[in-house]
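In: coords please:
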Amino acid sequence: MISPEKIWSSDQLPTLPAVAVRLLDLSKNPDTDIREVIETIKADPAITAKILKASNSSFFGLRSECKGIERAVPLLGTMVVTSLALSFSLSESAITEGPLKSRFDSYWKQSIIQSAAAELLAGKLGNELKYDSFLIGLLQDIGHLAMLRSIPNDLLPVLEQAEAQQKNSSEVETEVLGINHTEVGVKMMERWQMSEQFKTAIEHHHDTFEQLKAIESDPNFNLIIIIATSASIGDYFCSPNSGLALHRLQELTSEFYNMPHNDLHGFLENVQSRFEEAAQVFQVNMDDIGSPYEIMATANEQLVQLTMKAQVDSTQACARQAVIEEQKVKLESENKQLQSKAIHDPLTKAYNRTYFNEAFEKEIHRCARSAQPIGIIFSDIDRFKNLNDTYGHQFGDLVLQRVSHVASESTRRSDVFCRYGGEEFVIMVSNPSETGIAELAERLRTLIENEVIEFEEKRVPVTASLGAVVGIPPRDITGYAERLIAEADEAMYESKEKGRNQLHVRSIITSEDQELQKLIKRSRFSRWLVTKKIFDIPTISKVLLKCPKQGEQVKIGELAVAEKLLTSEQVAEILNLQNENGYRFGEIAIQKNLLTQEQIAYLLALQIEPPIALGKTLITLELLDSAHTAALVKQYLSEFENCPAPIEEKRNEFANS
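Out: Numbers count the residues shown, from 1 in each chain. Predicted coordinates:
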């Protein structure tokens, strides 16, 4: 327990600047002259500049630019500029360095989220509460800031205990300290001479569902329930105990907003969009705040654990187990859907940038190990802003969806297509040649150009500019991913600068790697089948598209031993040297005169395209029977085992095929 006087006697409590105090007084008087508000703000040049900058942000979405505070104040209104002035003051109080920096940062981020949520919730219960709700949403946890500044050493272990026990922080604060941040917040409102509405809303913002139901007759109940719900949304996005926050949020929105649980996902997405706009106004980085779908999956897992614990304590063992299993199945199903949504763009259904970055990193590492090429195609819809401005955002969304559909249909299973941001899409192409990636990108450009997209029964031309790059990552991949992205991006902008609706392709493959790739291509089973005139190129290309992507590839050293090209001792020697100098396996084997470049190419061909895997696909597609396929695989392996370094005639035969 601590003495409350320890808090109130601290010289670290948040204070308001004179401008904020004066604005609060003016906002209480309905007859206040707007000119008096303007002159009060102008007395503080720093706040004046911040309010003016905020008025021109996307958060307010004013139609024309405000070039002076005299125009901004009438457009925004007294309550809004008062909220902004107070917000900027609180922002400065929440900025700190040292061991508690993360706690102060988290407090301020949660305050912004709660204010944005309160504003949107007010729109559902009556817009007359909109600006009061934004300000109270921002102030509701002011007691938390006061305690962080005045008693940090006492508060920190309490917060850690609440997180570990998955309890509400106010509950643990009362148990351990004898006072909680809600009580401190109400006291701060009294010290700042805020209205009874403010104090009442803050007093009840952590009440239970039953406690809130009991005060429904309160004349300020709409404001109370807005702030209580926004508190749950703040805990949902920022608290490690998101499961508790989700349970309370579902109760409140279902009872007081008539919002089905399925609609809650969409509302939380709207909240995220709004608080990201608010974060720009207050210059706060929200990148560490997860998406509603990602958090929902975590929250559901916590709810599963809480449900199971509650059921285990029940005396009805049989009924308990049935409920647990039913809820577990339901939540697991919901989690699968949420996980899918977490990696897909909600508008276009393409993969999102987060998924692309993870897949790209894995593919870079894989290609570096196996000396395989990787390709990137960037595409950007031409003059997309003009389309939006001319035909509206709904038409712009339709364009994005149609372009995404066209691109998804034209890529292979092994490629990764995603919406990179705005009107920009990217494709990660697996194992491409420079010619192959150019053909794929050009086909995509043509399909987009030919896609019929209509507005009011008239076709609107839509084109895209593309840039592509192909490369083979070295063993040391430091900076290589960034280089690939930059090269593809520059190639795309080259297409833009030279007239749009065109493609530019770049290759950053070294001449040595280019020669090796040619040899690998000649050594592959698919090329051998074409050379032997078993299949033509179009047929084998379709088969390769259907061939399932291999999991963990067999290591080249293991293949070399299996093919009797190296002994286990020689492989061990190469691996030791590889650990010392970082070179590729094949480079060392050639330097040591243990293998030729043609033999390395043959082994890499087996690694990239296992003949048995391709053979199974041929059987599945009913292009060959099992006996014929087995005979062809055996013949292919025999020829290359007997002559892994192609003679000149065979080299010419491959080249002409």
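In: Okay, helices next: where are they in the stretch 351-500 of the chain?
Out: 353-370, 384-391, 393-410, 434-450, 480-497 (DSSP state H, counting those that start in this stretch).
In: for this structure, what helix or strand is lowest in average pLDDT?
Out: Lowest on mean pLDDT, DSSP states H and E among the helices and strands of the chain sits helix 648-656, with a mean of 40.
In: got any ranges where the stretch 451-600 of the chain has weak pLDDT?
Out: Applying pLDDT under 70 to the stretch 451-600 of the chain flags residues 549-551.
In: how does it look with 80?
Out: Along the stretch 451-600 of the chain, the model assigns pLDDT under 80 to residues 545, 548-553, 582.
In: The stretch 251-400 of the chain now?
Out: Within the stretch 251-400 of the chain, the stretches with pLDDT under 80 are 281-282, 290-342, 369-371.
In: Equivalent analysis for the stretch 51-200 of the chain, please.
Out: Ranges of the stretch 51-200 of the chain meeting pLDDT under 80: 58-66, 77-79, 83, 85-100, 126-132, 166.
In: Walking through the stretch 51-200 of the chain, point out its helices one by one.
Out: Secondary structure of the stretch 51-200 of the chain (DSSP H, counting those that start in this stretch): helices at 69-76, 78-93, 101-125, 130-139, 142-150, 152-165, 169-177, 181-191, 196-203.
In: List the buried residues in the first one.
Out: Just to be clear, that refers to helix 69-76. Residues of helix 69-76 classed as buried by neighbour count (16 or more other CB atoms under 10 Å): 69, 71-73, 76. The way it works is simple: take the backbone N, C-alpha and C, and place the C-beta from them, glycine included.
In: Of the helices of the stretch 51-200 of the chain, give the one that comes closest to E622.
Out: Proximity to E622, assessed across those by CB to CB, is greatest for helix 101-125 (56.8 Å).
In: Show me what that closest one is packed against.
Out: Secondary-structure packing of helix 101-125 (3 or more CB pairs under 8 Å, 6 or more residues apart in numbering; DSSP states H and E): helix 78-93, helix 130-139, helix 142-150, helix 221-238, helix 261-281.
In: list the buried ones in that helix?
Out: Neighbour-count burial for helix 101-125 [16+ other CB under 10 Å]: 103-122, 124-125.
In: show me the contacts for F209.
Out: 248, 251-252, 255 (CB atoms under 8 Å, 6 or more residues apart in numbering).
In: So among the residues you listed, which ones count as buried?
Out: Counted by 16+ other CB under 10 Å, the contacts of F209 give 248, 251-252 as buried.
In: From the residues you listed, pick the one nearest P346.
Out: P346 has its nearest neighbour among the buried ones among the contacts of F209 in L252, at 24.4 Å by CB to CB.
In: Convert the C-alpha atoms of the helix or strand encompassing that closest one to CSV, please.
Out: With elements taken from DSSP states H and E, the one containing L252 is helix 242-256. Taking C-alpha atoms only, helix 242-256 is exported to CSV below (Å, rounded to 0.1, in the frame of the first residue of the first chain):
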residue,chain,number,x,y,z
SER,A,242,-6.2,-9.1,-25.4
GLY,A,243,-8.4,-12.1,-24.7
LEU,A,244,-10.0,-10.3,-21.6
ALA,A,245,-10.4,-7.1,-23.7
LEU,A,246,-12.1,-9.0,-26.5
HIS,A,247,-14.6,-10.7,-24.2
ARG,A,248,-15.6,-7.4,-22.6
LEU,A,249,-15.7,-5.7,-26.0
GLN,A,250,-18.0,-8.3,-27.4
GLU,A,251,-20.3,-7.9,-24.5
LEU,A,252,-20.5,-4.2,-24.7
THR,A,253,-20.9,-3.9,-28.5
SER,A,254,-23.5,-6.6,-28.6
GLU,A,255,-25.6,-5.1,-25.8
PHE,A,256,-25.3,-1.4,-26.3
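In: Which strands and helices lie in contact with it?
Out: Short answer (3+ CB pairs under 8 Å, 6+ apart): helix 242-256 packs on helix 209-214, helix 221-238, helix 261-281, helix 292-312.
In: residues of stretch 151-166 that come out buried?
Out: Neighbour-count burial for stretch 151-166 [16+ other CB under 10 Å]: 151-152, 154-155, 158-159, 162, 166.
In: Give me the contacts around that stretch.
Out: 2, 6-7, 10, 100, 103, 147-148, 167-169, 171-173, 176-177, 239-241, 243-244, 302, 306.
In: Of those residues, select the buried ones using a PyMOL command.
Out: Restricted to buried positions by 16+ other CB under 10 Å, the PyMOL selection for the contacts of stretch 151-166 reads:
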select buried, resi 7+100+103+147+148+168+169+172+173+176+177+239+241+243+244+302
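In: Put together JSON lines for the helices and strands packed on helix 101-125, with distance to S370 on each row.
Out: Shown next, in JSON lines, are the helices and strands packed on helix 101-125 (distance: least, CB to CB, whole Å):
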{"stretch": "helix 78-93", "distance to S370": "51"}
{"stretch": "helix 130-139", "distance to S370": "53"}
{"stretch": "helix 142-150", "distance to S370": "52"}
{"stretch": "helix 221-238", "distance to S370": "41"}
{"stretch": "helix 261-281", "distance to S370": "40"}
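In: Show me the one of the ones you listed that comes nearest P432.
Out: Smallest distance to P432 across the helices and strands packed on helix 101-125 (CB to CB): 35.4 Å, for helix 261-281.
In: Quick check: K124 vs M259, distance?
Out: Noted for K124: a distance of 8 Å to M259, by CB to CB, to the nearest Å.
In: Also I374?
Out: On the measure of CB to CB, I374 and M259 end up 45 Å apart.
In: between the two, who's got more neighbours?
Out: Neighbour count, other CB atoms under 10 Å: between I374 and M259, I374 has more, with 24 against 18.
In: So what pairs up with that one in the strands?
Out: Judged by DSSP bridges, the bridge partners of I374 are S430, G471.
In: list the contacts for the residue lying closest to F585 once chain neighbours are set aside?
Out: Nearest residue to F585, sequence neighbours excluded (CB to CB, 6 or more residues apart in numbering): I556, at 5.1 Å. With contact set as CB under 8 Å, 6+ apart, I556 has these partners: 370, 585-586, 600, 603-604, 607.
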